[in-house]
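# Attaching a predicted model along with its sequence, questions to come.
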Amino acid sequence: MGTNLGEGDGCELPATAVCWLTHDPFPGIILVEFADVYDRPHQLVGKTAYFGGDLQPTSPYPCPTNIQ
């Protein structure tokens, strides 16, 4: 098994930002997809601040991101 994360260590999960959903509440809500260790697909809906990169309504979707 891999090493354990220590306090202050970062952990990011690769994902794909699929589409921009709404501007409200600020800073905006997007749909993100990712696969688990068994390659099963999952979707998250959340504020753009939860994901990596500079995601905007005008970004070219789908686009790579990460879950922070």
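That came in fine, so what should we check first?

# residues of the longest strand seen in the chain that come out buried?
Assignment by DSSP state E gives strand 13-22 as the longest strand of the chain. Neighbour-count burial for strand 13-22 flags 13, 15, 17-18, 20 (criterion: 16 or more other CB atoms under 10 Å). In short, each C-beta sits where N, CA and C put it, glycine included.

# Any idea how far that strand is from the middle of the chain?
On the basis of CA atoms, centre = their mean, to the nearest Å, strand 13-22 sits 6 Å off its chain's mean C-alpha point.

# Between the two ends of stretch 8-18, how far is it?
For stretch 8-18, the first-to-last residue distance is 29 Å (CA to CA, to the nearest Å).

# Show me what residue 16 is bridged to.
Bridge pairing for residue 16 (DSSP bridges) gives the partners residue 33, residue 64.

# my read: it touches residue 64, true?
Yes. At 6.1 Å, residue 16 counts as touching residue 64 under the criterion of CB atoms under 8 Å.

# tell me the SS of residue 24?
coil (DSSP: H, G, I helix; E, B strand; the rest coil).

# and it, how far is that from residue 45?
Going from residue 24 to residue 45 by CB to CB, to the nearest Å gives 13 Å.

# Compare neighbour counts for these two and give me the winner.
Per other CB atoms under 10 Å, whichever of residue 24 and residue 45 has more neighbours is residue 45, with 12 against 8.
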